[in-house]
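Participant: I would like the atomic coordinates for the input below:
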Amino acid sequence: MYQFFVEPEQICGKIITITGSDVNHIKNVLRMKQGEELSVSNGIDGKEYRCGITSLEEDRIVCELRFIKEDGVELSSRVHLFQGLPKADKMELIIQKAVELGVYEIIPVATKRCVVKLEEKKAAAKIARWQQIAEAAAKQSKRRIVPQVSSVMTFGEAVQKASSMEVKLIPYELADGMERTKALIEGIKPGQDIAVFIGPEGGFEESEVAKALAAGIEPVTLGKRILRTETAGFTVMAWIMYRLEE
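Facilitator: Below you'll find the model as predicted:
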């Protein structure tokens, strides 16, 4: 079943209209025909709108709603991934896999050990590219929302944003043993907002860790081995998914 995202206003009663680049994809790549069924989500309410194609026009696909599914695809808590900017194209992989694992929001963070420095002129284009990757991953994994990729924040701004969240975690090599980490993960409850801080290559500086701990962000261990930045976030996301999935 192919899935597409539309704006909320494109769902009007039983008529759903698909526009933009998806029109060419449906007509010329997938070669779908009138009467075939597809899935539509508005990226906000978590619902799947199952509909059938009624007409394929030059600049739009018109569909008729058949039924709505509310099957709890999304995690019961919102996970906010604060990711230190990595080198090369690693951020694209991180976004793709984090979306597959159920992340709600991805916040790129400029930390002291970040090698990558996004120039203001290029930042908007980079964020737009990352948002496209998030949407594609959401389609592939049958998500009902498109996770938001926010603008780049400083570490201080990220800590401030996370301050009101109920669960705040930061993997740190000097954290206490795995028992405390397990207890923190097992203590996560449905409906909570969860902040996960992941450092870039080289990790966080001690001053950043101290600032995080002072703000109530809990240090956790990822085990006895040192993980790459692109692996660390996946590990924590997988733990959270295991804890929250029914």
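Participant: Show me where this protein has its helices.
Facilitator: Along the chain, the stretches classed as helices by DSSP state H are 21-24, 90-100, 120-140, 155-162, 178-186, 206-214, 229-244.
Participant: Out of those, which one sits most buried?
Facilitator: Stretch with highest mean neighbour count among the helices of the chain: helix 90-100 (a mean of 21; mean count of other Cβ atoms under 10 Å). Where you see a C-beta, it was placed from the backbone N, CA and C, and this is true even at glycine.
Participant: Apart from its neighbours in sequence, what residue is nearest residue 67?
Facilitator: Closest residue in space to residue 67, ignoring its immediate chain neighbours: residue 50 at 5.3 Å, by Cβ to Cβ, 6 or more residues apart in numbering.
Participant: contacting residues for that neighbour?
Facilitator: With contacts defined as Cβ atoms under 8 Å, 6 or more residues apart in numbering, the neighbours of residue 50 are 37, 38, 39, 40, 65, 66, 67, 68, 69.
Participant: Generate a ChimeraX selection restricted to the buried entries among those.
Facilitator: Selecting only the buried entries of the contacts of residue 50 in ChimeraX, with 16 or more other Cβ atoms under 10 Å as the criterion:
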select :38,39,40,65
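Participant: Restricted to strands, list the contacts of residue 50.
Facilitator: Among those, the members found in strands (DSSP state E) are 37, 38, 39, 40, 65, 66, 67, 68, 69.
Participant: where are the low-confidence patches of the protein?
Facilitator: Where the chain drops to pLDDT under 70, the residues are 246.
Participant: domains for it, by residue range?
Facilitator: Annotated domains of the chain cover 3-69, 78-244 [automatic domain parsing].
Participant: nearest to residue 79, of the ones in strands among the contacts of residue 50?
Facilitator: Of all those, the one sitting nearest residue 79 is residue 69; the distance, using Cβ to Cβ, is 22.7 Å.
Participant: Bridge partners for the closest one, pull those for me.
Facilitator: residue 48 (DSSP bridges).
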